[in-house]
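**Q** please work out how this folds:
(one chain, ligands or ions: 1)
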Amino acid sequence: MALALTCLLTLVVGVFGQEKTAESAARTAKAVKFGKLWDGKGKVWTNAIVIVEGDRVKEVTTDAKRIPAGAEVVDMSQYYGIPGMIDVHTHLTIYTDETPGVPMLKQLSNPPAVEVFLARKGALRVVEAGVTTVRDLGADQYNDIAMRDLINRGEMIGPRMFVAGYGLNVTQTPTQRDAAPVAGTATADGVPQVLKAVRQQVAAGADVIKMYASTGTDDDTTGFETYSYDEIKAAVDATHQFGKKIAVHSYGPDGARDAVRAGADSVEHATDMDDATIAEMVKRGTFYVPTIDHNRYYLDNWQKIGYADGFQTKTKAYIARNLETARKAHKAGVKMAMGSDAIYTMFGENTRELEWLVKAGMTPEEALKAATVNAAELLGKSDELGAVGAGYFADLVALEGDPTADISAAVRHVKWVMKGGRAVVDRTAAK
Ligand SMILES: [Zn+2]
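**A** Got it, this is the predicted structure:
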């Protein structure tokens with residue numbers, strides 16, 4: 001805890017220091033040197049120099065003569081560079097702290113301004129983990145849009161956000177204790193309401209649409225399909241009409257089966273998917289975002305969250321099936337992206353999902369791709385995010401250790417982070 005606080009302080013001081021000279025800094029080129037650089041474009045560079053101008057990469061080279069005169073040289077040559085990582089499933093506005101005696105489940109009804117202000121802490125932890133971009137899948141009161149815009153304006157330090165507004169949900173689910181809408185969801189039943197809800201999110205400024213096609217969240221691992229195929233198809237078609245992408249939540253196989261056939265861009269969680277659905281995903285290029293680690297987080301923190309004792313057996317069994325489904329999907333050739341489903345205090349642990357992906361049979365490099373190039377493709381940003389190359393956002397992470405040999409370097413040994421040309425985390429002095 002003390003260490004985390006020190007990091008936060010260092011970060012805040014660093015950013016205020018930069019604030020004064022933001023304009024001149026943006027005009028000054030930077031040259032970031034890495035001992036090794038995995039560029040996400042199929043190459044591992046030795047003694048790489050990344051030339052940064054403004055918020056973008058100008059070029060990657062090994063030739064020191066290419067460094068522009070007067071450029072600030074950032075020497076990370078004792079570290080291994082990778083592109084800023086992307087977490088394609090977060091709920092950044094559902095941030096809670098560990099106020100003694102107040103279960104995290106009970107901290108979720110703050111006024112919007114309070115919620116967004118508190119959530120800045122989680123946003124900091126996300127960038128400290130080397131995650132410079134997130135796809136945020138569901139929030140109340142358009143708090144996610146506020147956060148995205150504050151971060152883009154430089155008023156809040158956090159990852160670049162692609163946000164969903166309210167996730168579409170049915171009126172009532174079999175396991176819901178009462179009929180009140182679930183936090184961060186918009187109630188929409190039947191095709192006309194589904195169409196209206198999609199249009200409302202787009203009009204509000206959402207970048208992506210989220211639909212909950214099954215039960216299952218928190219300590220509830222049921223996966224009953226809640227929407228019909230026709231409703232899912234209507235949401236998918238309306239979303240695509242706006243040139244956006246849609247992520248469909250399904251804890252169980254039925255919602256995933258219908259989502260894939262309806263043309264969803266990604267299915268989230270989706271445990272126990274059958275072979276035919278997996279084959280269809282390969283054929284269509286549907287992404288699978290397994291989010292295995294969030295249930296690990298729930299098991300580790302259930303008392304602080306406020307779950308009733310007794311859910312653990314089912315959740316452990318769900319994790320095992322989730323991992324098995326990821327293994328099957330990867331083996332079959334399904335495109336996969338890293339999503340944490342981070343909520344509460346899980347921010348900062350976002351990339352632990354990578355260790356599960358390796359357990360599911362990925363090589364460390366395949367896991368890295370799930371958090372970079374694949375994730376960027378799912379966002380529709382393959383030419384700007386998820387790799388280090390000319391024209392890309394200057395999102396760079398320095399790691400201690402080689403992540404292509406051992407993925408834990410990317411998960412547990414982040415030393416320095418640049419987002420959009422600005423250093424936002426520096427732990428290189430810490431031992
Ligand atoms: Zn989620």
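**Q** from here on, just use CA atoms for contacts and neighbour counts.
**A** Will do.
**Q** so what's residue 29 up against?
**A** Shown in contact with residue 29 (C-alpha atoms under 8 Å, 6 or more residues apart in numbering): 51, 52, 53, 54, 68, 70, 71, 72.
**Q** average pLDDT for the helix or strand harbouring the second one?
**A** Per DSSP states H and E, residue 52 falls inside strand 44-53. Confidence over strand 44-53, taken as the mean pLDDT, stands at 98.
**Q** low pLDDT regions in the chain?
**A** For the chain, the stretches flagged by pLDDT under 70 are 1-27, 172-183, 431.
**Q** list the residues that contact the spatially most central residue of it.
**A** Geometric centre of the chain, nearest residue: residue 87, 1.9 Å, by C-alpha atoms, centre = their mean. Shown in contact with residue 87 (C-alpha under 8 Å, 6+ apart): 131, 133, 134, 135, 338, 339, 340, 350, 351, 371, 375.
**Q** residue ranges for the helices of this structure, please.
**A** Assigned by DSSP state H, the chain shows helices spanning 2-20, 22-27, 112-128, 143-152, 190-204, 229-241, 253-262, 275-284, 293-305, 312-332, 353-359, 364-370, 373-379, 408-412.
**Q** check which helices and strands the third one sits against.
**A** Helix 112-128 sits against strand 85-95, helix 143-152, strand 414-419, strand 422-426, with contacts defined as 3 or more C-alpha pairs under 8 Å, 6 or more residues apart in numbering; DSSP states H and E.
**Q** now that helix against strand 422-426, angle please.
**A** If you take axes from the mean of the first three to the mean of the last three C-alpha atoms, to 10 degrees, helix 112-128 sits at 80 degrees to strand 422-426.
**Q** buried set for helix 112-128?
**A** For helix 112-128, a neighbour-count test (16 or more other C-alpha atoms under 10 Å) marks 112, 115-116, 118-128 as buried.
**Q** need the CA coordinates for stretch 29-36. PDB is fine.
**A** Output in PDB follows, covering the C-alpha atoms of stretch 29-36 (Å, rounded to 0.1, in the frame of the first residue of the first chain):
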ATOM      1  CA  ALA A  29      10.900  15.700 -30.300                       C
ATOM      2  CA  LYS A  30      11.800  12.800 -28.000                       C
ATOM      3  CA  ALA A  31      14.000   9.800 -28.700                       C
ATOM      4  CA  VAL A  32      13.200   6.800 -26.500                       C
ATOM      5  CA  LYS A  33      15.900   4.100 -26.500                       C
ATOM      6  CA  PHE A  34      15.100   0.500 -25.700                       C
ATOM      7  CA  GLY A  35      17.500  -2.400 -25.300                       C
ATOM      8  CA  LYS A  36      14.900  -4.600 -27.100                       C
END
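**Q** and the helices of the chain as JSON lines, adding distance to residue 210?
**A** Converted to JSON lines, those look like this (distance: least, C-alpha to C-alpha, whole Å):
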{"stretch": "helix 2-20", "distance to residue 210": "32"}
{"stretch": "helix 22-27", "distance to residue 210": "35"}
{"stretch": "helix 112-128", "distance to residue 210": "20"}
{"stretch": "helix 143-152", "distance to residue 210": "13"}
{"stretch": "helix 190-204", "distance to residue 210": "9"}
{"stretch": "helix 229-241", "distance to residue 210": "9"}
{"stretch": "helix 253-262", "distance to residue 210": "12"}
{"stretch": "helix 275-284", "distance to residue 210": "18"}
{"stretch": "helix 293-305", "distance to residue 210": "18"}
{"stretch": "helix 312-332", "distance to residue 210": "20"}
{"stretch": "helix 353-359", "distance to residue 210": "21"}
{"stretch": "helix 364-370", "distance to residue 210": "20"}
{"stretch": "helix 373-379", "distance to residue 210": "13"}
{"stretch": "helix 408-412", "distance to residue 210": "27"}
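**Q** just list the residues touching residue 115, thanks.
**A** Residue 115 sits next to 93, 94, 95, 143 when contact means C-alpha under 8 Å, 6+ apart.
**Q** which of these sit farthest apart?
**A** 95 and 143 (11.4 Å; C-alpha to C-alpha).
**Q** sorry, back to before: of all the helices and strands packed on helix 112-128, which one comes closest to residue 30?
**A** Of all these, it is strand 422-426 that lies closest to residue 30, at 9.5 Å by C-alpha to C-alpha.
**Q** distance from that closest one to the middle of the chain?
**A** Taking C-alpha atoms, centre = their mean, to the nearest Å, one finds strand 422-426 lying 19 Å from the centre of the chain it belongs to.
**Q** and it, what does it pack against?
**A** By 3+ C-alpha pairs under 8 Å, 6+ apart, strand 422-426 packs against helix 2-20, helix 112-128, strand 414-419.
**Q** kindly recompute the last result at 7 Å.
**A** Applying 3 or more C-alpha pairs under 7 Å, 6 or more residues apart in numbering; DSSP states H and E, one finds that strand 422-426 makes contact with helix 2-20, strand 414-419.
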